[in-house]
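Undergrad: Okay, sequence plus prediction incoming.
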Amino acid sequence: MSGSQSTRGKTPPKKALAKKSASGNSRSAGESRAGSNTHPQKAAQPKHFLSDKVGHFTESVIREMTRQAMMHSAVNLAQGFPDFSAPLEIKQAAQQAVAADVNQYAITWGARSLRQAIARQMGVWQGIQVDPEKEVTVCCGSTEAMISTLLAVCNTGDEVVIFEPFYENYGPDSVLSGAKPKFVKLHPPSVDGGEWTFSERDLRRAFDKHTKAIILNTPNNPTGKVFTREELELIRDLCLEFNVLAITDEIYEHILYDGTEHISMVSLEGMRDRTVTINGMSKTYSVTGWRVGWAVAPEKITNAIRKVHDFLTVGAPAPLQEAGAVALSLPPEYYAKLAEGYRVRRDHLMPALVAAGFKCFRPRGAYYVMTDISAFDYEDDVSFAKDLVEKIGVACVPGSSFYRNPQDGAKQVRFAFCKRPETLDEAARRLEKLRVAEPVSV
Ligand code: PLP
């Protein structure tokens, strides 16, 4: 697992030093006087070819676990993509768009039809009036929307507050944008069926004059936490007090359980002008490979995001944006069915995990379950995940990949349950081989 040796906190590779020549001159052969008879290969000065930034993070552990799953023919409960079909209507809409020759670049910041649909649905779902011409940028997935936003708003030395465990992209995204991530712990539930919580004091301590933004992911990956109105108001108050932006990743907006409610930060009083709301098609419409996402932000910030987005990718796939407009017109029953389908899958997988010896933290949203692996006799999450994929034939994600300090996740692993019942059954059958004497409760 190349990515599992976490490099969070690793010092960047040192720049290669120019060797001194025999004369004591630090000028290399390549810089020698014009006309000297120097062989071009010898002329090159030893050079550090890589960006220092890439030394600060590893490849994605989640995506690496998918490669491991394929290598070992394991059931892939690591990466969060469905193994079932996307809705027929939207696949047909994509086919029709291609047939109708929607094959060239869309408007850089998004096809008008999709931007209008996004603006309309923000009104329906969150009661927010959005100008599709000035406040929406369609990107290649919410992944690109997040990095484009951070590149658009961060300067070197800015700090970005992130709750941890965190979706692993946020660390590298902050580094690439020159910002310093500041982590605030989410604590696992202390009682069965309880909620992940954070301390108000820890959060307040993370804010200071250098804080540019807070990244908030609700419903949350990997914990399944759905932030409550009270928690959001606390975050809002700090954003106002310290003049901070909220960048919210709401990609699991429609995947909610147990009567929880998704509240968009932008809908809170005082936040309309300081929130970037990120979302996308991947999870809501089971099309993670289509790469269509978006950022909704006030005009000035949108202009900056659009500039970055244009030079990063030019635009998201044009025919799939047209299909996106159709997807966002699906009736409310679609979303109710989606959430219920995932509730059934959650309640399918969790008992199998508990029976095998995992302690499960019941998710209230998104489609992952974080587990505690203390009942198994393993040194850490990475060696556990390695054995699980190689010997048991089930892929999960080591908990350490969601923390800055790998030690914090050494007793946790995450399972994705966005899979067909047959897939979950097969995983359960394989996990039986793992059973420990005394199952722990959900
Ligand atoms: N944000 C979160 C919290 C995720 O869990 C994921 C995928 O797992 C993404 C973003 C990626 O979204 P997209 O496919 O739109 O780039």
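TA: The structure has been received and is ready for your questions.
Undergrad: Spit out the contact partners of the closest residue to the ligand within the stretch 301-442 of the chain.
TA: In the stretch 301-442 of the chain, the residue that lies nearest the ligand is Ala366 (7.1 Å; CB to the nearest ligand atom). Every residue, glycine included, has its C-beta placed from N, CA and C. Counting by CB atoms under 8 Å, 6 or more residues apart in numbering, Ala366 makes contact with 219-221, 224, 252, 255, 283.
Undergrad: Which ones among those residues map onto strands?
TA: Counting by DSSP state E, those place none of their members in strands.
Undergrad: how close does the closest residue to Leu176 other than its chain neighbours get to Glu164?
TA: In this structure, Leu176 finds its nearest non-sequential neighbour in Lys53, 5.9 Å apart by CB to CB, 6 or more residues apart in numbering. According to CB to CB, to the nearest Å, Lys53 stands 20 Å off from Glu164.
Undergrad: In terms of neighbours, single out the busier of the two.
TA: Glu164 (20 against 13; other CB atoms under 10 Å).
Undergrad: my read: that one touches His187, true?
TA: No. Counting by CB atoms under 8 Å, Glu164 sits too far from His187 to count as a contact (10.5 Å).
Undergrad: Strands of the stretch 301-442 of the chain, residue ranges please.
TA: 359-361, 368-372, 394-395, 397-398, 412-416 (DSSP state E, counting those that start in this stretch).
Undergrad: Nearest to Ala93, out of those strands?
TA: strand 412-416 (26.6 Å; CB to CB).
Undergrad: average pLDDT across the closest one?
TA: In this model, strand 412-416 carries a mean pLDDT of 97.
Undergrad: and the angle from that strand to strand 368-372?
TA: 160 degrees (axes from the mean of the first three to the mean of the last three CA atoms, to 10 degrees).
Undergrad: Could you spell out the sheet neighbours of strand 412-416, each with its direction?
TA: strand 368-372 (antiparallel), strand 397-398 (antiparallel) (DSSP bridges).
Undergrad: Please identify the most buried of those.
TA: A comparison of the strands paired with strand 412-416 by mean neighbour count, using mean count of other CB atoms under 10 Å, puts strand 397-398 on top with a mean of 30.
Undergrad: Identify the residues contacting that one?
TA: With CB under 8 Å, 6+ apart as the test, strand 397-398 has contacts from 1, 4, 61-62, 65, 78-79, 222, 380-382, 384-385, 409, 412-416.
Undergrad: Drop anything exposed from the residues you listed.
TA: Buried members of the contacts of strand 397-398, counted by 16 or more other CB atoms under 10 Å: 1, 4, 61-62, 65, 78-79, 222, 380-382, 384-385, 409, 412-416.
Undergrad: and the ligand, which of these reach it?
TA: When CB under 6 Å from any ligand atom is applied, no member of the buried ones among the contacts of strand 397-398 is adjacent to the ligand.
Undergrad: So which of these are in helices?
TA: 61-62, 65, 381-382, 384-385 (DSSP state H).
Undergrad: Just send those residues back as TSV, with distance to Ala100 too.
TA: As requested, these are exported to TSV (distance: CB to CB, whole Å):
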residue	distance to Ala100
Val61	41
Ile62	36
Met65	39
Asp381	49
Val382	49
Phe384	50
Ala385	45
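Undergrad: Tyr257 touches Arg345, doesn't it?
TA: No. With contact defined as CB under 8 Å, Tyr257 does not count as touching Arg345 (10.5 Å).
Undergrad: so Arg430 makes contact with Ser73?
TA: No. In this structure, Arg430 is not within contact of Ser73 by CB under 8 Å, at 10.9 Å.
Undergrad: between the two, what contacts are shared?
TA: Joint contacts of Arg430 and Ser73 (CB under 8 Å, 6+ apart) are Gly393.
Undergrad: Tell me which of these two has more neighbours.
TA: Between Arg430 and Ser73, counting by other CB under 10 Å, Arg430 is the more crowded of the two (18 against 9).
Undergrad: Show me which residues of the stretch 201-350 of the chain are close to the ligand?
TA: 217, 221, 249, 251, 280, 282, 288, 293.
Undergrad: Could you take these and lay them out as a markdown table, with extra columns for neighbour count and pLDDT?
TA: Output for those, formatted as a markdown table (neighbours: other CB atoms under 10 Å; pLDDT from 0 to 100):
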| residue | neighbour count | pLDDT |
| --- | --- | --- |
| Asn217 | 24 | 98 |
| Asn221 | 28 | 98 |
| Asp249 | 28 | 98 |
| Ile251 | 27 | 98 |
| Gly280 | 30 | 98 |
| Ser282 | 22 | 98 |
| Thr288 | 17 | 97 |
| Gly293 | 25 | 98 |
